[in-house]
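1. for reference, the sequence and a predicted model appear below.
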Amino acid sequence: MAPRIDQLAATISANTSSITNYLHQNGLPFPSFDVDGPITLNLSPQAEHARSTAIDALQELLDLLQGPITCMIPKYNGTSLQIISRHDIARKVPKEGTISFTELAKATDLHVNDLKRIMRYAMSFHRLFVEPQEGFVAHSAGSKKLATDEIVRAGLGQSFNEFYGSFARTADALDSFKDGEPTHTGFALAHGTDKTMFDFLRMQPTKADQFSKAMRFYSAGVPGYSVSNLVEGYDWDSLGAGIVVDVGGADGYVSRALSKANPQLNMVVEDLPDIVVAAEQSWPTTGVRYQAYDFFSTQPVVAADAYLFRWVFHDWPDHYVVRILQAQVPALRKGARIVVNESLSAPPGSLPLTLERDTCFIDLLMLTTNNSRLRTMAEWQDIFSAADSRFGTVRCVSVEGAALAILEVVWEGE
Ligand SMILES: C[S@@+](CC[C@H](N)C(=O)[O-])C[C@H]1O[C@@H](n2cnc3c(N)ncnc32)[C@H](O)[C@@H]1O
């Protein structure tokens with residue numbers, strides 16, 4: 001058998017050819033970081049599979065060729081992205097042409113030498129900006145997108161202005177607190193708060209708004225998190241013209257997608273009051289109803305056909321998830337479904353490498369921000385059973401290419 005690195009190289013080559021053929025046959029642009037290069041590739045499911053297979057192989061090949069020390073000590077540093085986000089640098093670079101580091105330094109109130117190394121780091125590591133002539137900066141495809149798309153800015157802002165500092169305090173939080181409470185996190189230490197992340201964000205409407213937009217960023221920008229996986233992966237037709245409550249539904253972007261694909265459904269989006277007020281103002285006529293609701297209190301929409309929790313339970317430690325489920329029980333009628341859409345915890349080596357890394361990333365992010373976690377199927381069954389013995393068996397619908405599982409539990413009480 002050929003050595004592993006040769007097998008991987010062959011996999012990369014075969015799958016890259018499939019992508020090339022697909023793009024060629026369909027007259028689509030080839031990947032490029034040039035300012036007018038494509039942001040996404042618009043691949044068919046088959047070509048998308050080739051893309052993810054090639055990426056998994058090349059990640060492993062890169063690790064093998066770099067060796068264990070480089071894998072142990074990678075050059076990850078979010079400082080550059082944090083400063084680019086905080087100083088809104090992408091919007092200070094002209095849409096066309098270049099700007100000198102000196103002029104940009106004045107516009108950002110940063111020292112020119114600091115700005116230069118921040119920008120060059122972003123060029124090298126993140127493919128943001130280019131320096132076509134020494135000392136002068138212009139946009140790349142990525143930085144142009146950042147300058148022109150508020151959803152992308154929100155995603156970067158949340159990751160690097162809100163969360164980045166929290167990673168560095170997670171070890172301190174684990175040493176200082178031993179109770180696993182969502183108020184005792186790296187996020188809380190980094191932000192000097194004794195509140196949960198959501199209560200902290202609630203006090204600052206612009207940050208709460210950024211959070212909602214960041215959810216849309218991840219759902220639109222990472223194929224495995226795409227809302228279409230939920231829209232197409234679950235049998236919504238079986239609910240007829242039923243009521244679906246999107247609990248913790250942020251600004252309702254998931255419900256809008258579900259409603260568009262299934263106009264017969266009656267979608268209700270529930271979230272904290274500030275989020276709901278902002279969403280109603282932004283999306284007044286989309287056929288989706290909004291309702292302010294704190295999911296630790298009794299569910300106000302009685303007898304709905306399904307209660308959807310997308311990316312909600314992973315934010316909360318087990319005993320809080322039990323409380324949220326118990327708060328739904330008074331509203332449930334026989335046959336009502338709880339639909340959960342989030343990543344499952346999986347043993348090492350059981351997922352393609354990229355998906356395994358994404359899953360580990362989310363799991364550790366949840367530790368940092370909320371003291372919460374991803375769970376296995378068996379752990380989900382335990383949680384539902386602990387909440388109420390009238391919840392049925394947890395069923396998993398897995399969707400090809402999706403990073404989020406769809407779990408369904410039927411209420412078997414009256
Ligand atoms: C990670 S976001 C997921 C949003 C959306 N479901 C999605 O798929 O993008 C979690 C959501 O839960 C909401 N949330 C947090 N605490 C809440 C509470 N006590 N009651 C209702 N919603 C809450 C947040 O405002 C946020 O919109």
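-> Sure, I can see it. Bear in mind that the values here come from a model prediction, so they are computed numbers and not experimental data.
2. ends of stretch 386-398, how far apart?
-> 24 Å (C-alpha to C-alpha, to the nearest Å).
3. quick one: that stretch to chain centroid distance?
-> 25 Å (C-alpha atoms, centre = their mean, to the nearest Å).
4. just the strands in the chain please.
-> 99-100, 130-133, 136-138, 243-247, 266-271, 289-292, 306-310, 337-342, 395-397, 405-410 (DSSP state E).
5. and the second one, what's buried?
-> Along strand 130-133, these residues count as buried under the neighbour rule (16 or more other C-beta atoms under 10 Å): Val130. To be clear about C-beta, it is placed using only N, CA and C from the backbone, and glycine gets the same treatment.
6. list the neighbouring strands of it plus their orientation.
-> strand 136-138 (antiparallel) (DSSP bridges).
7. now for the strands of the chain, which one comes closest to the ligand?
-> The closest approach between the ligand and any of the strands of the chain, judged by C-beta to the nearest ligand atom, belongs to strand 306-310 at 3.6 Å.
8. near the ligand, anything from that closest one?
-> Yes - using C-beta under 6 Å from any ligand atom, strand 306-310 reaches the ligand at Arg310.
9. could you tell me the average pLDDT over that strand, please?
-> Taken as a whole, strand 306-310 has a mean pLDDT of 98.
10. just how off-centre is it within its chain?
-> Using C-alpha atoms, centre = their mean, the offset of strand 306-310 from its chain centre is 17 Å.
11. who's in contact with that strand?
-> 230, 239, 242-249, 254, 299, 324, 328, 331-332, 336-342, 404 (C-beta atoms under 8 Å, 6 or more residues apart in numbering).
12. one more time with 7 Å
-> 230, 239, 242, 244-248, 254, 328, 336-342 (C-beta atoms under 7 Å, 6 or more residues apart in numbering).
13. now swap in stretch 48-59 and tell me
-> 8, 11-12, 15-16, 18-19, 43, 223, 352-354, 401.
14. try stretch 203-223
-> For stretch 203-223, with C-beta under 7 Å, 6+ apart as the criterion, the contacting residues are 48, 150-152, 154-155, 157-158, 201-202, 225-227, 250-251, 253, 274-275, 278, 311, 401.
15. get me the contact residues on this protein for the ligand.
-> So the chain meets the ligand at 198, 212, 215, 219, 248-250, 254, 271-272, 275, 293-296, 310-312, 315 (C-beta under 6 Å from any ligand atom).
16. for ChimeraX, what selects the buried ones among those?
-> A single ChimeraX command suffices to select whichever of these are buried according to 16+ other C-beta under 10 Å:
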select :198,212,215,219,248,249,250,254,271,272,275,293,295,310,311,312,315
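17. from Asp175, how far off is Asp36?
-> Asp36 sits 49 Å away from Asp175, going by C-beta to C-beta, to the nearest Å.
18. my error: substitute Asp315 in the last question.
-> 23 Å.
19. same check, this time on Pro352
-> Taking C-beta to C-beta, one finds Pro352 at 34 Å from Asp175.
20. and those two? Which one has more around it.
-> Between Pro352 and Asp175, counted using other C-beta atoms under 10 Å, the more crowded position is Pro352 (16 against 8).
21. where do the helices sit along the stretch 51-200 of the chain?
-> 68-72, 79-86, 101-108, 112-121, 141-148, 150-156, 164-167, 170-176, 186-191, 197-202 (DSSP state H, counting those that start in this stretch).
22. for these, which one ends up most surrounded?
-> Of all those, helix 186-191 carries the top mean neighbour count, a mean of 22, counting by mean count of other C-beta atoms under 10 Å.
23. what residues does that helix touch?
-> Contacts for helix 186-191 (C-beta under 7 Å, 6+ apart): Gly165, Ser166, Phe167, Arg169, Thr170, Asp172, Ala173, Asp194, Met197, Phe200, Thr368, Thr369.
24. just how off-centre is it within its chain?
-> 20 Å.
25. for stretch 58-70, same thing?
-> Distance, centroid of stretch 58-70 to centroid of chain: 26 Å (C-alpha atoms, centre = their mean).
26. what do you get for stretch 74-81?
-> Per C-alpha atoms, centre = their mean, the centroid offset for stretch 74-81 relative to its chain is 19 Å.
27. what's the end-to-end length of that stretch?
-> 17 Å.
28. give me the contact list for it.
-> Around stretch 74-81, the neighbours that count as contacts under C-beta under 7 Å, 6+ apart are Ile118, Tyr121, Ala122, His126, Leu156, Phe160, Tyr164.
29. a markdown table for these, including distance to Asp388?
-> Below are the contacts of stretch 74-81 laid out as a markdown table (distance: C-beta to C-beta, whole Å):
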| residue | distance to Asp388 |
| --- | --- |
| Ile118 | 52 |
| Tyr121 | 51 |
| Ala122 | 50 |
| His126 | 47 |
| Leu156 | 41 |
| Phe160 | 40 |
| Tyr164 | 39 |
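30. thanks a lot, see you next time.
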